[in-house]
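Visitor: sequence and predicted model, in that order:
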Amino acid sequence: MTAVEVSGLSHRFGDHVAVDNLDLTVSDGECFGLLGPNGAGKTTTLRVLNTLYPPQSGSVRVFGLDVKADAMAVRRMLGYVPQQLSIEGALSGRENVSWFARLFDVPRRERAARVAEVLDIVDLTDAADRLASTYSGGMVRRLELAQALVNRPALLVLDEPTVGLDPVARDSVWARVQEMQERYGMTVLLTTHYMEEADILCDRVALMHLGQLRAVGTPASLKAERGPDASLEDVFRHYTGSSLEGQEKGGLRDVRGTRRTAQRMG
Ligand SMILES: Nc1ncnc2c1ncn2[C@@H]1O[C@H](COP(=O)(O)OP(=O)(O)OP(=O)(O)O)[C@@H](O)[C@H]1O
């Protein structure tokens, strides 16, 4: 079964073509990475897939359902962790996840157990009753994963899941994603600027540049095409003509974003 099927998708903002005739297939149970420089069209693609933007041309199907015609059914199958902060600092971790459980129609009788289960998966049981405003960046990201998981999505969509996290917190998020995949056999679609993340987590990756698909394959096959010692960064550079420097969101833009986050949390 195909989890995601994108055919001839294009999306414009005014005159600007953000996604240009994109074709992409993600198989059931796969962890698939969407890579590309800033502005490549990754987030726009995820937003169409998430039913946030209706497709302007082309089509997107999630487990056979059309994102336009069957938007509500598609939403029920999805868990989404956006780039922007999606938790409420004035609530505890448990309350944040419970709120999502209500929002996503988790049956009332099952809610408390389901919330406890996902908090356990992301290793936040001990901190569950503390206000989220006291959480570290890594804990916030794990709480967002718990929120996205509480309706047991068939497809988990992660937009830069570890941006701004230190290596230890990043490792911890990776471990949770892998555990969830093993436990539930869910399909994961993520975007990232970290080539190491793509290499470790993803069964296949696609490289986007200027709205177009430039390459798709397993990390191993894409690296092998470039030579015996090639890294995924070499592959990235080859297809996009740009280096990753300044791409990782550690720049001013991200610092601003992080500060905005801190303000909201505090
Ligand atoms: N709401 C919007 N209005 C106008 N232009 C937009 C809007 N959203 C995105 N764009 C433009 O569309 C292009 C693709 O943006 P998108 O956010 O999809 O890229 P991305 O690959 O996710 O980049 P990043 O890695 O920086 O998140 C960019 O040139 C961006 O400036």
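Guide: Arrived safely.
Visitor: which stretches in the protein count as strands?
Guide: Ranges of strands in the chain, per DSSP state E, are 2-13, 16-27, 31-35, 57-62, 65-66, 78-81, 155-159, 187-191, 204-209, 212-217.
Visitor: let me see the residues that make contact with stretch 86-94.
Guide: 95-96, 99, 115, 119, 124, 127-133, 135, 139-140, 143-144, 146-147, 264-266 (CB atoms under 8 Å, 6 or more residues apart in numbering). Every C-beta, even on glycine, is put in place using the N, C-alpha and C of the backbone.
Visitor: run through this structure and note the low-pLDDT ranges.
Guide: The model of the chain has pLDDT under 70 over residues 243-266.
Visitor: and it, which of its residues are near the ligand?
Guide: Taking CB under 6 Å from any ligand atom as the criterion, the neighbours of the ligand within the chain are 13, 16, 18, 36, 38, 39, 40, 41, 42, 43, 44.
Visitor: now list the buried members of the residues you listed.
Guide: With neighbours counted by 16 or more other CB atoms under 10 Å, those contain buried members at 18, 36, 40, 41, 42, 43, 44.
Visitor: dump the residues you listed into JSON lines; add distance to residue 2 as well.
Guide: Shown next, in JSON lines, are these (distance: CB to CB, whole Å):
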{"residue": "18", "distance to residue 2": "24"}
{"residue": "36", "distance to residue 2": "22"}
{"residue": "40", "distance to residue 2": "23"}
{"residue": "41", "distance to residue 2": "21"}
{"residue": "42", "distance to residue 2": "20"}
{"residue": "43", "distance to residue 2": "22"}
{"residue": "44", "distance to residue 2": "21"}
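Visitor: now, which of these lie within helices?
Guide: 42, 43, 44 (DSSP state H).
Visitor: mind putting the residues you listed in a markdown table, distance to residue 160 included?
Guide: Compiled in a markdown table, those are given as follows (distance: CB to CB, whole Å):
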| residue | distance to residue 160 |
| --- | --- |
| 42 | 9 |
| 43 | 9 |
| 44 | 14 |
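Visitor: which of these lies closest to residue 227?
Guide: The shortest gap between residue 227 and any of those belongs to residue 42, at 26.2 Å (CB to CB).
Visitor: that closest one against residue 32, yeah?
Guide: No: assessed by CB atoms under 8 Å, residue 42 is found out of contact with residue 32, at 11.8 Å.
Visitor: what's the longest helix in this structure?
Guide: helix 167-184.
Visitor: so what touches it?
Guide: 29, 31, 121-123, 136-138, 141-142, 145, 149, 152, 156, 158, 161-162, 165, 186, 188, 190, 194, 197, 200-201.
Visitor: among those, the buried ones, what's the ChimeraX command?
Guide: In ChimeraX, this line selects whichever of the contacts of helix 167-184 come out buried by 16+ other CB under 10 Å:
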select :31,121,122,137,138,141,142,145,149,156,158,161,162,165,186,188,190,194,197,201
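Visitor: follow-up on the earlier one: in a markdown table, list the strands of the chain along with distance to residue 111.
Guide: Shown next, in a markdown table, are these (distance: least, CB to CB, whole Å):
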| stretch | distance to residue 111 |
| --- | --- |
| strand 2-13 | 27 |
| strand 16-27 | 30 |
| strand 31-35 | 28 |
| strand 57-62 | 25 |
| strand 65-66 | 25 |
| strand 78-81 | 16 |
| strand 155-159 | 20 |
| strand 187-191 | 24 |
| strand 204-209 | 35 |
| strand 212-217 | 39 |
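Visitor: so which of those strands comes closest to residue 242?
Guide: The nearest among those, by CB to CB, is strand 204-209 at 8.2 Å.
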